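Undergrad: Let's see this in three dimensions:
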Amino acid sequence: MRRVLACGLLAIVAAFALLLLHREPRRSGSDTTPYATGAAAVLNVGERTCQGQELLPADTAALRMTIHTYGKPGARLSVSVTGPHGAPLTTGGLPAGWRQGVVRIPVTHVSTTTAGATVCLRDEGPSPVALAGDSRDQFHTMQVDGKTVEDGQLRYEYMRPGSESWLQLLPTVVYRFSLGKSGLVRHWAWAAALVLMLFAVTMAIRTILREGT
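TA: Next up is the predicted model:
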């Protein structure tokens, strides 16, 4: 019984270590629009779409979207993000020639969080694109070529620079774990959750060993 438990715990620790060390592009946030494959907006060459009331998170270095090109090479795209009063926050773009699907559009790195931002995307040509999204909610407003779209909104995912492991993100995870909690518990709630999890595992092991004997 002890050998079986030891092998099981070793496998759990190894899997947990692999998970913590695995590196891939990570999100700094999103606009909470549900994943969808349908087109919420279609841009012809020279047209621009702007979506307001976006939360632009800190540590953003790219925008990720699902974009369809009708089987053609992707058009050149330009992105600009402005604050609530029109102040520029970041800009970026993508040269022509990319493939349709999930597309990452690099922007200048953002170091601070801004609420109420407006994200604008322009099709610079030479072909139209369809932008994935979902039905409109009460918070976001989207315009295409200056006209308000009543029944759609785009899904924007905000991406951190490069690729990171969960181990590198631990300080950020601990900070976010403290949000939305009272001052009495916000600084130690993450540690308490970890201690409780270890306590539960320990009690489970003790129960198994006791029943086994």
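Undergrad: For this protein, name the helix or strand with the lowest mean pLDDT.
TA: None of the helices or strands of the chain scores lower by mean pLDDT, DSSP states H and E than helix 170-177, at a mean of 80.
Undergrad: packing partners for the helix or strand following that helix?
TA: Next along the chain after helix 170-177, taking DSSP states H and E as the criterion, comes helix 189-212. Contacts defined by 3 or more C-beta pairs under 8 Å, 6 or more residues apart in numbering; DSSP states H and E place helix 189-212 against helix 2-21, helix 170-177. Every C-beta, even on glycine, is put in place using the N, C-alpha and C of the backbone.
Undergrad: ok, residues contacting helix 189-212?
TA: 1, 2, 5, 9, 173, 174, 177, 178, 181, 185 (C-beta atoms under 8 Å, 6 or more residues apart in numbering).
Undergrad: Show me which positions of that helix end up buried.
TA: Neighbour counts over helix 189-212 (16 or more other C-beta atoms under 10 Å) mark residue 190 as buried.
Undergrad: centre of the chain versus that helix, how much separation?
TA: In terms of C-alpha atoms, centre = their mean, to the nearest Å, the centre of helix 189-212 is found 32 Å from the chain centre.
Undergrad: tell me the angle of that helix relative to helix 2-21?
TA: Relative orientation of helix 189-212 versus helix 2-21 (axes from the mean of the first three to the mean of the last three C-alpha atoms, to 10 degrees): 160 degrees.
Undergrad: returning to that earlier point: roughly how far out does the least confident helix or strand of the chain sit from the chain middle?
TA: The chain centre lies 15 Å from the centre of helix 170-177; the measure is C-alpha atoms, centre = their mean.
Undergrad: got a list of contacts for that helix?
TA: With C-beta under 8 Å, 6+ apart as the criterion, helix 170-177 contacts 59, 166, 189, 190, 193.
Undergrad: Next, count neighbours for residue 152.
TA: Neighbour count of residue 152, defined by other C-beta atoms under 10 Å: 21.
Undergrad: Alpha carbons of the least confident helix or strand of the chain, in PDB - could you do that?
TA: Output in PDB follows, covering the C-alpha atoms of helix 170-177 (Å, rounded to 0.1, in the frame of the first residue of the first chain):
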ATOM      1  CA  LEU A 170       3.200  32.900  -9.900                       C
ATOM      2  CA  PRO A 171       3.600  36.500  -8.600                       C
ATOM      3  CA  THR A 172       0.900  37.700 -11.000                       C
ATOM      4  CA  VAL A 173      -1.400  34.800 -10.000                       C
ATOM      5  CA  VAL A 174      -0.800  35.500  -6.300                       C
ATOM      6  CA  TYR A 175      -1.600  39.200  -6.800                       C
ATOM      7  CA  ARG A 176      -4.800  38.400  -8.800                       C
ATOM      8  CA  PHE A 177      -5.900  36.000  -6.100                       C
END
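Undergrad: Before I go, just wanted to say thanks for your time.
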